[in-house]
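Chemist: Got a predicted model here, sequence first, then my questions.
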Protein chains: 2
Amino acid sequence: MLTNPRAERVKAVHALGRRSARLRAGRFVAEGPQAVRELLGFRPETVLDVYGDPEGGARHTALIESARTAGIPVHECSPDVLGAMSDTQHPQGILAVCRPVDVPLAAALDGGPGFVVVLTHVRDPGNAGTVIRGADATGARCVVVSDASVDIYNPKVVRSSVGSLWHLPISIGESIETILAVCRDRGLRVLAADGGGTDLLPDVELQTPHAWVMGNEAWGLDPQIRSLCDQVVRVPIYGRAESLNLAMAATCCMYASAGALRT
Amino acid sequence: MLTNPRAERVKAVHALGRRSARLRAGRFVAEGPQAVRELLGFRPETVLDVYGDPEGGARHTALIESARTAGIPVHECSPDVLGAMSDTQHPQGILAVCRPVDVPLAAALDGGPGFVVVLTHVRDPGNAGTVIRGADATGARCVVVSDASVDIYNPKVVRSSVGSLWHLPISIGESIETILAVCRDRGLRVLAADGGGTDLLPDVELQTPHAWVMGNEAWGLDPQIRSLCDQVVRVPIYGRAESLNLAMAATCCMYASAGALRT
């Protein structure tokens, strides 16, 4: 049992809360039973280590078992050690250290017809994770996150994606200009979602392959990026609210696509 | 200029971060320029005091002006004082102390045809505020928050509602059983939104007046509450995501209602 919160191994896991350490080590942390379950269920080959405290181990025996069956080292540690490794105040008894799962842009876009979701300049990790979860829920082919965005391996992104990070192809690290050019090459219509758009969501044709481009939560999409899109689409506001938040607007757009592609 | 962060007045405003103090004082705090703008624009008669630091005052002169024009005392204070009053680490230079705006249930439901949104057992303030904002955006008649829910005057609810608290009638404090009974009396069909529902959202008739009932973010709606509803409706999941979060599911339901009521 690991009991020293100041051990090098513990510090090394804790350090993965920082982007620089994640890049250097080529690994990140999935915290809590839900994330670990999806990780082990969908991408067990990327898991390097599982850590659990006695309570987490007792509560999540099936998870611990499936990790062991997959040949993944499972380390019992004290609650103090788990707390010292974790980004959260309540690490829920279990976490895993794993390898990145992002794929090259071309591979992400190979998923057949439908729609894809592009995030650019999204800075809030909770928003990014929630949109990834929504893309998964609505059956998007993939998610593409531009280089000017939050790191998808940030603990808060991982947490708010609730496992969706391992459910669909995700590409990172390209500039938004490259991403849009490649989307076009693939025959996708490029739709910007923006509160300042001229086309209303219910009027937009969504039955042919397309890419949704979602921008920064505070200032929306840069005019220069909007000009690279085929249409700038606005979710209608029927009441007095000034705007929708990014996750809500994205949810509306993605569900509209899912519905249109299934009719 | 108020410069003493330990002054009684400053402590009294800070205390409004706690529900007990809000109940006792019959007032709450709206923080930041966006909230204060909506408050002054829609419900100026409920504003008791506006506080701004020099930077906030300089940046939001129109707001300060409109408060003064409405006869509301505007107090200049040091950034330290504003920070000591505020619930956030970055109070953005301006806040207002104001009176509650909730209305009795019967009055909230007097708003004519359409749909209403009922929240019960919602505990996360960010979720509650986001759903209130979404109800506003989708043109809901009103929002009804049951007694077993987060306080709508919690600073995080106020912040995440982004002014919507002052845009549409909100009723609080009744039990969910009473709320549903009154909704029925008013001829509203009662639709539970729940991941375990049997009816899929796209198949549900939304053109006649109805009430959406949204439950707790973690465990959904209690079976006993579901049994009081006419239909239990599920937002379809097309991918591998296990579920949607409350705000996303609520957004889908409310936008579906807004769309159906306008066709």
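Modeler: That came through, no problem.
Chemist: Give me the buried positions along whichever helix in chain A runs longest.
Modeler: When chain A is parsed with DSSP state H, its longest helix is helix A:246-261. Neighbour-count burial for helix A:246-261 flags A:246-259, A:261 (criterion: 16 or more other Cβ atoms under 10 Å in any protein chain shown). From N, CA and C alone the C-beta is placed, and that goes for glycine too.
Chemist: do that helix and chain B meet?
Modeler: Yes - counting by Cβ under 8 Å from any Cβ of the partner chain, chain B is contacted by helix A:246-261 at A:Ala247, A:Met248, A:Thr251, A:Cys252, A:Tyr255, A:Ala258, A:Gly259.
Chemist: Please export the C-alpha coordinates of that helix as PDB.
Modeler: Extracted C-alpha coordinates of helix A:246-261, given in PDB (Å, rounded to 0.1, in the frame of the first residue of the first chain):
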ATOM      1  CA  LEU A 246     -21.500  27.700 -25.400                       C
ATOM      2  CA  ALA A 247     -22.600  24.300 -24.100                       C
ATOM      3  CA  MET A 248     -26.300  25.100 -24.600                       C
ATOM      4  CA  ALA A 249     -25.800  26.600 -28.100                       C
ATOM      5  CA  ALA A 250     -23.700  23.600 -29.100                       C
ATOM      6  CA  THR A 251     -26.200  21.200 -27.700                       C
ATOM      7  CA  CYS A 252     -29.000  22.800 -29.800                       C
ATOM      8  CA  CYS A 253     -26.900  22.700 -33.000                       C
ATOM      9  CA  MET A 254     -25.700  19.100 -32.500                       C
ATOM     10  CA  TYR A 255     -29.100  17.800 -31.700                       C
ATOM     11  CA  ALA A 256     -30.500  19.500 -34.700                       C
ATOM     12  CA  SER A 257     -27.900  17.800 -36.800                       C
ATOM     13  CA  ALA A 258     -28.600  14.400 -35.200                       C
ATOM     14  CA  GLY A 259     -32.300  14.800 -35.900                       C
ATOM     15  CA  ALA A 260     -31.900  16.000 -39.500                       C
ATOM     16  CA  LEU A 261     -29.500  13.200 -40.400                       C
END
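Chemist: Report all helices and strands that that helix contacts.
Modeler: Secondary-structure packing of helix A:246-261 (3 or more Cβ pairs under 8 Å, 6 or more residues apart in numbering or on different chains; DSSP states H and E): strand A:115-119, helix A:125-137, strand A:189-193, strand A:210-214, helix B:125-137, helix B:246-261.
Chemist: re earlier: want to throw the residues of helix A:246-261 next to chain B into CSV with pLDDT?
Modeler: Output for the residues of helix A:246-261 next to chain B, formatted as CSV (pLDDT from 0 to 100):
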residue, pLDDT
A:Ala247, 93
A:Met248, 94
A:Thr251, 96
A:Cys252, 96
A:Tyr255, 96
A:Ala258, 96
A:Gly259, 93
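Chemist: With distance to B:Ala58 as new columns, can these be given to me in a markdown table?
Modeler: Formatted as a markdown table, those follow (distance: Cβ to Cβ, whole Å):
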| residue | distance to B:Ala58 |
| --- | --- |
| A:Ala247 | 33 |
| A:Met248 | 33 |
| A:Thr251 | 38 |
| A:Cys252 | 37 |
| A:Tyr255 | 43 |
| A:Ala258 | 47 |
| A:Gly259 | 48 |
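Chemist: where does chain A dip in pLDDT?
Modeler: By pLDDT under 70, chain A contains no weakly predicted segment.
Chemist: which stretches of it form strands?
Modeler: Here chain A has its strands, by DSSP state E, at A:28-31, A:47-52, A:74-76, A:94-98, A:115-119, A:143-145, A:170-172, A:189-193, A:199-200, A:210-214, A:231-234.
Chemist: With respect to burial, which of those scores highest?
Modeler: strand A:143-145 (a mean of 29; mean count of other Cβ atoms under 10 Å in any protein chain shown).
Chemist: what sits up against that strand?
Modeler: Contact with strand A:143-145 is made by A:105, A:108-109, A:116-120, A:122, A:128, A:131-132, A:135, A:152, A:168-172, A:174, A:179, A:183, A:211, as judged by Cβ atoms under 8 Å, 6 or more residues apart in numbering or on different chains.
Chemist: from those, which are also near chain B?
Modeler: Contacts with chain B within the contacts of strand A:143-145, counted by Cβ under 8 Å from any Cβ: A:Ala135, A:Leu168.
Chemist: Return the residues of the stretch 1-150 of chain A in contact with chain B.
Modeler: A:Gln34, A:Glu38, A:Phe42, A:Thr130, A:Arg133, A:Gly134, A:Ala135, A:Asp136, A:Ala137, A:Thr138, A:Gly139, A:Ala140.
Chemist: The closest residue to A:Ser78 other than its chain neighbours: how many residues sit nearby?
Modeler: Computed as Cβ to Cβ, 6 or more residues apart in numbering or on different chains, the closest residue to A:Ser78 that is not its neighbour in sequence is A:Thr3, at 4.7 Å. A:Thr3 is flanked by 12 other residues according to other Cβ atoms under 10 Å in any protein chain shown.
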